[in-house]
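S.K.: Okay, predicted coordinates and the sequence, questions at the end:
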Amino acid sequence: MNEPRYNLIVIGSGAAGITAAIVAAREGKSVLLLEKLSHISAKLKATGGGRCNLTNTLSNEDFMQAFGRDGRFMQDALASFDNKALVAFMDEIGVATHAPDGFRIFPTSHSSATIIEALTQEMHRVGVNVITQQRVERLLLVGEHIDGVKTQDKHYFCDNVIVATGGLGYPVLGAEGDGYKLAEELGHKVTELSPAMMPLKTKETWVANCRADTIPKVELRVNLKKHKKLRAKGDLIFTKSGIRGPVVLDFAREVTPLLKKYQEVPLLLKLTKLKNEEEILQHFKKSAQKNPSYTILQLVKTLLPDALSLEICKMAAIDTTLTYKKLSGKKREKLIQLLAWTPITINGHDGFRLAMITRGGIRLKEIDPKTMQSRLIKGLYFCGEVMNLDGPCGGYNLQWSFASGYLAGKLH
């Protein structure tokens, strides 16, 4: 029996691909969704540690700004399907949501399984044909128009294809960059790809002694002449071999490309809540007057956790048993400098193995932002992470996946 010709074939079963398939099927299109793994939505299941931070409460304008200079590319997709529309869509398919911190929006179950089950049921309801264990190896053309796809053992024919294969992060969940290869074979350009949203390794070994605490509202900045504008702020955690935490996951997207270029990337960390060296000096003076018997270590502990305080004192080569008055001017100056901006050197990461997001992708100039259709090949669309657009933690990337999937599924 011959396979039917479909209006649309979607490659990939993440948030973007499933949304595109549902939207197209709701509008009466015949839709086939192909997934190379034995089950759908492997990466979506793992998102946010399985809690699935769907989106956030930002306005579209602020949301786009968080993506940097290319954020404006999302304007049409967000106009079609913003955070309010996503929440309404989830409610429609039976998923209640809330924003417990007033910013990040989760399913009330705090389980990605809830999302996947609801999306699966909706695909079934609207007639999306889902076939797993089908790796798409090539896109088929007639002239400059899509005609179908070739998998490892079959040809499927269609009028339109949506590539929603994601990036390179977490290969154990099926991410292998298939979409980049498919696009390049048809003439699309793929930008340099770097792992993002991941822990970072440091040259310094003292970090291993400071693993017990989360340091709130740390400011990070790159200490390279050409890149001093790169900075971020948020909670930081020291690890056995480096740093992690929300601020590091966000900042990794800036650091990993620099590592390729420089091998090492010096950072400065503002670990205390005090603004500058003068405020730290005044804090010490007041604390020492109030508690004249306090050692230097005890004074530093008024600003930072115990283990971190000890490491900062070691860096300044200070006898921690001395009181503030007995500390020499040079030692005091060195200590205050280190407390104001603590240097640390990033020298590695775990590559795409632990990267939640890929920085880079199919060039945005080759995609029409009003439709998500290729400017080179008729009937070819892209959505989600496969494109050169990535954002910080906090529901940004999932919202972009849903919004771009929604717009692509319209098949304008």
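M.R.: Everything's here; your move.
S.K.: which residues of this structure fall in helices?
M.R.: Per DSSP state H, the chain carries helices over the ranges 15-26, 42-46, 60-65, 75-80, 83-92, 112-126, 178-185, 246-262, 277-290, 296-300, 306-315, 329-340, 396-409.
S.K.: Arg138 is nearest to which of these?
M.R.: helix 178-185 (6.9 Å; CB to CB). The way it works is simple: take the backbone N, C-alpha and C, and place the C-beta from them, glycine included.
S.K.: Quick check: mean pLDDT of that closest one?
M.R.: Helix 178-185 shows a mean pLDDT of 96 in the predicted model.
S.K.: Could you report the separation of the residue nearest to Ile115 when sequence neighbours are not counted from Arg231?
M.R.: With CB to CB, 6 or more residues apart in numbering as the criterion, Ile115 has its nearest non-adjacent residue at 5.4 Å, and that residue is Cys52. If you measure Cys52 against Arg231 using CB to CB, to the nearest Å, the figure is 29 Å.
S.K.: more neighbours, those two?
M.R.: Per other CB atoms under 10 Å, whichever of Cys52 and Arg231 has more neighbours is Cys52, with 26 against 16.
S.K.: backbone phi and psi for that one, please?
M.R.: Here is the backbone geometry of Cys52 (degrees, to the nearest 10): phi 60, psi 80.
S.K.: which residues touch it?
M.R.: Residues near Cys52 by CB atoms under 8 Å, 6 or more residues apart in numbering: 44, 106-107, 110-112, 114-115, 398.
S.K.: Mind doing that once more with 6 Å?
M.R.: 107, 112, 115 (CB atoms under 6 Å, 6 or more residues apart in numbering).
S.K.: Next one, pLDDT for the second one please.
M.R.: At Ser112, the predicted lDDT confidence score is 94.
S.K.: For it, the count of nearby residues, please.
M.R.: Neighbour tally, Ser112, other CB under 10 Å: 24.
S.K.: So the residue lying closest to Thr165 once chain neighbours are set aside versus Leu139, what's the distance?
M.R.: Counting by CB to CB, 6+ apart, Thr165 lies nearest to Gly179, which is 3.4 Å off, once chain neighbours are set aside. Distance, Gly179 to Leu139, by CB to CB: 10 Å.
S.K.: which residues touch the nearest residue to Leu267 once chain neighbours are set aside?
M.R.: Nearest non-adjacent residue to Leu267, counting by CB to CB, 6+ apart: Ile344, 5.1 Å away. Neighbouring residues of Ile344 by CB under 6 Å, 6+ apart: 202, 204, 267, 269.
S.K.: go on, Ala16?
M.R.: Counted by CB under 6 Å, 6+ apart, Ala16 has contacts 164, 383-384, 401, 404-405.
S.K.: And it, how close does it get to Lys286?
M.R.: 55 Å.
S.K.: now do Glu184
M.R.: Glu184 is 62 Å from Lys286, by CB to CB.
S.K.: what does Cys52 give?
M.R.: Cys52 is 47 Å from Lys286, by CB to CB.
S.K.: pLDDT weak spots in the stretch 301-412 of the chain?
M.R.: Residue ranges of the stretch 301-412 of the chain with pLDDT under 70: none are present.
S.K.: mind giving me the domain split of the protein?
M.R.: Residue ranges for the domains of the chain, per automatic domain parsing: 6-194+360-409, 195-272, 277-343.
S.K.: Would you format the ones you listed as CSV with distance to Phe352 included?
M.R.: Formatted as CSV, these follow (distance: least, CB to CB, whole Å):
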stretch, distance to Phe352
domain 6-194+360-409, 4
domain 195-272, 5
domain 277-343, 28
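S.K.: closest one to Gly351 among those domains?
M.R.: The minimum distance between Gly351 and the domains of the chain falls on domain 195-272, with 5.7 Å, by CB to CB.
S.K.: and that closest one, how far from the chain's centre?
M.R.: Counting by CA atoms, centre = their mean, to the nearest Å, domain 195-272 is centred 15 Å from the centre of its parent chain.
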